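K.L.:
How does the following fold in three dimensions:
(one chain, ligands or ions: 1)
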Amino acid sequence: MNSKCPLYINGQFIETAQKQNIINPSTGKVIVEASLASLKELELALSAARKAFDHGPWPQFSLTERQEFIFRIAQGILDNAGLLAALETQNTGKPIKETTFMDIPSSAKTFEFMANNFIDYLGQEEVNVSSDTKAKLIREPLGVVVLIVPWNYPLLIACWKLASAIAAGNTVILKPSSLTPLTALELAKIIDQAGLPAGVVNVVNASGAKIGELLCADKRVDMISFTGSNETGKQILQYSSKNVKKMIMELGGKSASLIFNDVDLEVAVNSSLASIFLNQGQMCTAMSRIFVQEAIYDNFLSSFAEKASAIKLGLADSFETQMGPLISDAQRKKVIAYIEKAKAEGARIVGGGKIPENAELKNGYFFEPTVLVDVGAHSRIFKEEVFGPVVLIHKFSGLDEAAILANSVDFGLAACVWSKDLFLAQELAGRINAGTVWINTYGMFYNQLPYGGFKQSGFGKELGREGFLEYTRIKNVILDQSAEGKPLVNYWYGF
Ligand code: NAD
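P.N.:
Now for the predicted structure:
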């Protein structure tokens, strides 16, 4: 594995004095010491990104030139797919099957897709406003964009943001979570080999509120694209308010899956298991509240609990493993505290709820897939994001109640509807206050489709045309076309 994890600033790999132990959550052991940025490196990154935008060739390149660079990044990811999957698995505890078949290929595809699509929205469009006024609408890159990403999909979310941001001609500072910087730092090597001009992409592993504040408040930054928790999101909004900038906020969720009587029970159970337990439930779109219509509730619950208990926990680097460890001991403690609180509020555990006893797993941060029932709508676990392998299952009677339950939390990220009645399913989708609704499927993210939450789940989009356009701005150039070049304002003071 890579023994050095330097920062990447202005086209240089920089080892810093300050280091952070990077832990393998399957074993609790240190993988490597990664460089951590101090204020000095942060300053270097800010000035490099600004200079590369204001004076460098990147925003000036033709669209085809930029495309070529981005295709090379996509190819570099594919060429290094095995290494990247292994690193992501080691660093996050995500089963190797998930990183190999989902995270890494999807990351490459996003670069390829963004290079091939939407970039022709950049450029000029003429608008004839009136007989004596014409306007040019110029869509251009924004400038310097700070990309702050979480630990649950470290490479994939970084690539969603990076691909759009650089395809649009911006320069960036990417800040991975200091728990999981390894694939972002490896991506820096791929970007360097792709030959991007110095300062276009800077990867800065950093931690702490002080560094966060300096990065997000700095006047040299034009936009912040953040994915993470609501608490951090609110802090970043405060920092950025010191100087005005554009923001994307992709925050937490407490998503609902609504399962109607007419479904194929086996399909609904199997898919619902994936909708909460993939990546150990550490997904922003995890369906952590499953509502099942009354007639099939008992059968659904018993089948779901039985299959959940059969999910194979194991070390994340084995292809046999279906569920790996949580990201850290702190995260596991948080999950346990939520379960204890739920029990005190009347919930019953019908599956899991414990640290597994398997000796092979004793040093990692494993936790059994956990199924709760009898969870009241006012209890904390009904409303708050746990971010772990914990689901609550509840009954509902019909369409109206389903809509109320789905909308009964502060978040509005995603929902699932399961029914053979597509008319009913689409009617319900229309009533759900969430940015993504899946009908009879779950969890597919498409480069073509914008993704982002409503309500406390944030604002702004990633992916799709709207996601690309987020990283651009429109300038409005108005041209006078009046006869003899004498516009109306010319006469205003009567001279
Ligand atoms: P987090 O908020 O703790 O950290 C996210 C990022 O912010 C990390 O890079 C972290 O180092 C950085 N950060 C922390 N404090 C900061 C500060 N004061 N200033 C600047 N940066 C700071 O989130 P997490 O625990 O890494 O990720 C889990 C959260 O992310 C969950 O709430 C989950 O729902 C959310 N998430 C949302 C989406 C989405 O698309 N909506 C996707 C994935 C994860």
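K.L.:
Domain-wise, how is this structure divided?
P.N.:
Listed domain ranges for the chain are 7-251+457-477, 256-439 (source: automatic domain parsing).
K.L.:
Select, out of those, the one closest to the ligand.
P.N.:
Evaluated with Cβ to the nearest ligand atom, those place domain 7-251+457-477 nearest to the ligand, the distance being 1.9 Å. Placement of C-beta: from N, CA and C, glycine included.
K.L.:
ok so, going back, mean neighbour count, distance to Lys486 and mean pLDDT added to the domains of the chain, as a markdown table?
P.N.:
As requested, these are exported to a markdown table (neighbours: other Cβ atoms under 10 Å; distance: least, Cβ to Cβ, whole Å; pLDDT from 0 to 100):
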| stretch | mean neighbour count | distance to Lys486 | mean pLDDT |
| --- | --- | --- | --- |
| domain 7-251+457-477 | 20 | 9 | 97 |
| domain 256-439 | 19 | 50 | 98 |
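K.L.:
Take these and lay them out in JSON lines including distance to Gln448.
P.N.:
Formatted as JSON lines, the domains of the chain follow (distance: least, Cβ to Cβ, whole Å):
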{"stretch": "domain 7-251+457-477", "distance to Gln448": "6"}
{"stretch": "domain 256-439", "distance to Gln448": "13"}
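K.L.:
Could you dump the ones you listed into TSV with distance to the ligand added?
P.N.:
TSV is the format used below for the domains of the chain (distance: least, Cβ to the nearest ligand atom, whole Å):
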stretch	distance to the ligand
domain 7-251+457-477	2
domain 256-439	3
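K.L.:
Can you show me the strands along the stretch 301-450 of the chain?
P.N.:
Counting by DSSP state E, counting those that start in this stretch, the stretch 301-450 of the chain has strands at residues 348-351, 370-373, 390-396, 411-412, 414-418, 436-439.
K.L.:
For Ala483, give me the pLDDT.
P.N.:
pLDDT recorded at Ala483 is 85.
K.L.:
Report the contact partners of Tyr471.
P.N.:
141-142, 145, 164-165, 167-168, 170, 223, 225 (Cβ atoms under 8 Å, 6 or more residues apart in numbering).
K.L.:
let's see 7 Å
P.N.:
Counting by Cβ atoms under 7 Å, 6 or more residues apart in numbering, Tyr471 touches 142, 145, 164-165, 168, 170.
K.L.:
taking these one by one, which sit in helices?
P.N.:
Counting by DSSP state H, the contacts of Tyr471 place 164-165 in helices.
K.L.:
Now compare the contacts of Tyr471 and name the two farthest from each other.
P.N.:
Leu142 and Ser164 (11.0 Å; Cβ to Cβ).
K.L.:
Lys461 contacts Leu449, correct?
P.N.:
No. If you go by Cβ atoms under 7 Å, Lys461 and Leu449 don't touch, sitting 9.2 Å apart.
K.L.:
Regarding the residue nearest the centre of the chain, which helix or strand does it belong to?
P.N.:
By Cα atoms, centre = their mean, the mean C-alpha position of the chain lies nearest to Ile157, the distance being 4.5 Å. Applying DSSP states H and E as the criterion places Ile157 in helix 154-167.
K.L.:
Run through who's touching that helix.
P.N.:
By Cβ under 7 Å, 6+ apart, helix 154-167 touches 66, 70, 84, 88, 92, 103-104, 106-107, 110-111, 114-115, 119, 145, 147, 149-150, 172, 174, 176-177, 180, 183-184, 187, 200-201, 225, 227, 462-463, 467-468, 471.
K.L.:
and what of stretch 414-427?
P.N.:
Contacts of stretch 414-427 (Cβ under 7 Å, 6+ apart): 253, 255-260, 262-263, 268, 275, 285, 287, 399, 406, 428-429, 432, 434-440, 442.
K.L.:
Okay, now it: how far is its last residue from its first?
P.N.:
Terminal residues of stretch 414-427 are spaced 16 Å apart (Cα to Cα, to the nearest Å).
K.L.:
Could you do stretch 164-181 as well?
P.N.:
OK, stretch 164-181 end separation, Cα to Cα: 20 Å.
K.L.:
just stretch 473-488 next, same as before
P.N.:
End-to-end for stretch 473-488, by Cα to Cα: 29 Å.
K.L.:
same deal with stretch 482-492?
P.N.:
15 Å.
K.L.:
Give the buried residues for that stretch.
P.N.:
Neighbour counts using 16 or more other Cβ atoms under 10 Å place no residue of stretch 482-492 among the buried ones.
K.L.:
Quick one: distance of that stretch to the chain centre.
P.N.:
Here stretch 482-492 is found 52 Å from its chain centre; the criterion is Cα atoms, centre = their mean, to the nearest Å.
K.L.:
Tell me which residues are up against that stretch.
P.N.:
By Cβ under 7 Å, 6+ apart, stretch 482-492 touches 132, 480.
K.L.:
Can you report phi and psi for Asn440?
P.N.:
When read as degrees, to the nearest 10, the backbone of Asn440 gives phi 60, psi 30.
K.L.:
Pull up the gap between it and the ligand, please.
P.N.:
Distance, Asn440 to the ligand, by Cβ to the nearest ligand atom, to the nearest Å: 22 Å.
K.L.:
Leaving out the residues flanking it, which one is nearest to that residue?
P.N.:
Trp418 (5.9 Å; Cβ to Cβ, 6 or more residues apart in numbering).
K.L.:
can you check Tyr471 too?
P.N.:
Ala168 (4.3 Å).
K.L.:
which phi and psi does the one you found have?
P.N.:
phi -80, psi -10.
K.L.:
again, but for Asn243
P.N.:
Dihedral pair for Asn243: phi -140, psi 140, per degrees, to the nearest 10.
K.L.:
who does whatever helix or strand Ala135 lives in pair up with?
P.N.:
Using DSSP H and E, Ala135 sits in strand 133-141. Using DSSP bridges, the strands paired with strand 133-141 in its sheet are strand 123-130 (antiparallel), strand 472-480 (antiparallel).
K.L.:
The longest one relative to helix 154-167, how many degrees between them?
P.N.:
Spelled out, it's strand 472-480. With axes from the mean of the first three to the mean of the last three Cα atoms, to 10 degrees defining the directions, strand 472-480 sits at 10 degrees from helix 154-167.
K.L.:
next one: strand 472-480 to chain centre, how far?
P.N.:
So, by Cα atoms, centre = their mean, the centroid of strand 472-480 is 32 Å from its chain's centroid.
K.L.:
How about the first one?
P.N.:
Computed by Cα atoms, centre = their mean, the separation of strand 123-130 from the middle of its chain amounts to 35 Å.
K.L.:
what comes into contact with it?
P.N.:
For strand 123-130, contacts defined as Cβ under 7 Å, 6+ apart pick out 134-139.
K.L.:
repeat that for 8 Å
P.N.:
Residues outside strand 123-130 that contact it (Cβ under 8 Å, 6+ apart) are 134-139, 478.
K.L.:
which two from the residues you listed end up farthest apart in space?
P.N.:
Using Cβ to Cβ, the contacts of strand 123-130 span at most 17.0 Å, a distance reached by Lys134 and Arg139.
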